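**Student:** Whatever this is, show me its structure:
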Amino acid sequence: MSMTRPVALVVGAGDATGGAIARRFAAGGYTACVTRRDAARLDELRHAIEAAGGICHAFGSDARKEDEVVALVDTIERDIGPIEVLVFNIGANVPCSVLEETARKYFKIWEMACFGGFLNGREVARRMVGRGRGTIIFTGATASVRGAAGFAAFAGAKHALRALAQSMARELGPQGIHVAHCIIDGAIDTAFIRERFPERYALRAQDGILRPDSIAEAYWTLHRQPRDAWTHELDLRPYMETF
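**Tutor:** I've put the predicted structure just below:
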């Protein structure tokens, strides 16, 4: 009997949310496969997971490059185990006035936040459909449902990612694949918020900003849902956040 662990692939395993998601799935018995463009920046996360008794494999991979995504999924499926969970967690939040936005940066933001989601979702779904099971979770943002001034590129990309998730859910759900879109509506406990928005970060003591571990727990719950009651879209925000 095979003792291969199922795999949770976290694309965009950053220092906050993505890393917390990888740690949560590793703690739940999954092999965590984590990616960033620079694999060396995953060393700390990999060591933390292994120190806690988990299994982690780190990959340097550009989610916008089709050949790299195909090679990544092929390698994991062949050498590590079946991908049971994909979390696409790449951020591309670069504010800019629409009057000053460049075509190059607008396109790059779309590539990162949406096109990468398509490539990774497609490749993983091709394997999952054959097994009749699996979970794909896309990380969204406030910009997924509301375009703010100065965020035309980011909002356009996140709106598109949300539409991708909806289409995939309708096509793949009947084939046993749970596709979910999680809207993170609020500031997250990160170094960026701490350094750039100290007044907002001060609300951390009152649970006024999202903690990465709490987000990760919600993703774990999404994956563990029975298929007679799947959530497609989940929005997470601190209790004091206005919306």
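
**Student:** Isn't Val87 up against Leu9?
**Tutor:** Yes: the pair Val87 / Leu9 is scored as a contact, 7.2 Å apart, by CB atoms under 8 Å. In short, each C-beta sits where N, CA and C put it, glycine included.

**Student:** quick one: buried residues of the helix or strand bottoming out on mean pLDDT in the chain?
**Tutor:** When each helix and strand of the chain is scored by mean pLDDT, DSSP states H and E, helix 191-196 comes last, with a mean of 88. For helix 191-196, burial by neighbour count (16 or more other CB atoms under 10 Å) applies to Ile193.

**Student:** got the contact list for the helix or strand that that helix is followed by?
**Tutor:** Downstream of helix 191-196, the first helix or strand assigned by DSSP states H and E is helix 198-201. The set of residues external to helix 198-201 that reach it, using CB atoms under 8 Å, 6 or more residues apart in numbering, is 187, 189, 193-194, 208-209.

**Student:** mind redoing it with 6 Å?
**Tutor:** 187, 193-194 (CB atoms under 6 Å, 6 or more residues apart in numbering).

**Student:** Check stretch 129-136 too.
**Tutor:** 84-86, 121, 128, 175-179, 223.

**Student:** for the record, mean pLDDT for that stretch?
**Tutor:** Across stretch 129-136, pLDDT averages out at 98.

**Student:** Name the residue closest to the centre of this protein, please.
**Tutor:** Geometric centre of the chain, nearest residue: Asn89, 2.2 Å, by CA atoms, centre = their mean.

**Student:** Next, work out how far apart that one and Pro174 are.
**Tutor:** Distance check for Asn89 against Pro174: by CB to CB, to the nearest Å, it reads 26 Å.

**Student:** got it, and Ala32?
**Tutor:** 29 Å.

**Student:** Pretty sure His181 sits in a helix.
**Tutor:** No: checked against DSSP: H, G, I helix; E, B strand; the rest coil, His181 lies outside a helix; its state is strand.

**Student:** Distance of it relative to Ala160?
**Tutor:** 12 Å.

**Student:** between the two, which one's more packed in?
**Tutor:** Neighbour count, other CB atoms under 10 Å: between His181 and Ala160, His181 has more, with 27 against 17.

**Student:** now that one, nearest residue through space, not along the chain?
**Tutor:** Ala165 (3.9 Å; CB to CB, 6 or more residues apart in numbering).

**Student:** Might you report the residue contacts of Cys114?
**Tutor:** Taking CB under 6 Å, 6+ apart as the test, what Cys114 contacts is 157, 160-161.

**Student:** just to revisit the earlier point, neighbour count added to the contacts of stretch 129-136, as a markdown table?
**Tutor:** Converted to a markdown table, the contacts of stretch 129-136 look like this (neighbours: other CB atoms under 10 Å):
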| residue | neighbour count |
| --- | --- |
| Glu84 | 21 |
| Val85 | 26 |
| Leu86 | 28 |
| Gly121 | 25 |
| Met128 | 25 |
| Gln175 | 14 |
| Gly176 | 13 |
| Ile177 | 23 |
| His178 | 21 |
| Val179 | 25 |
| His223 | 20 |
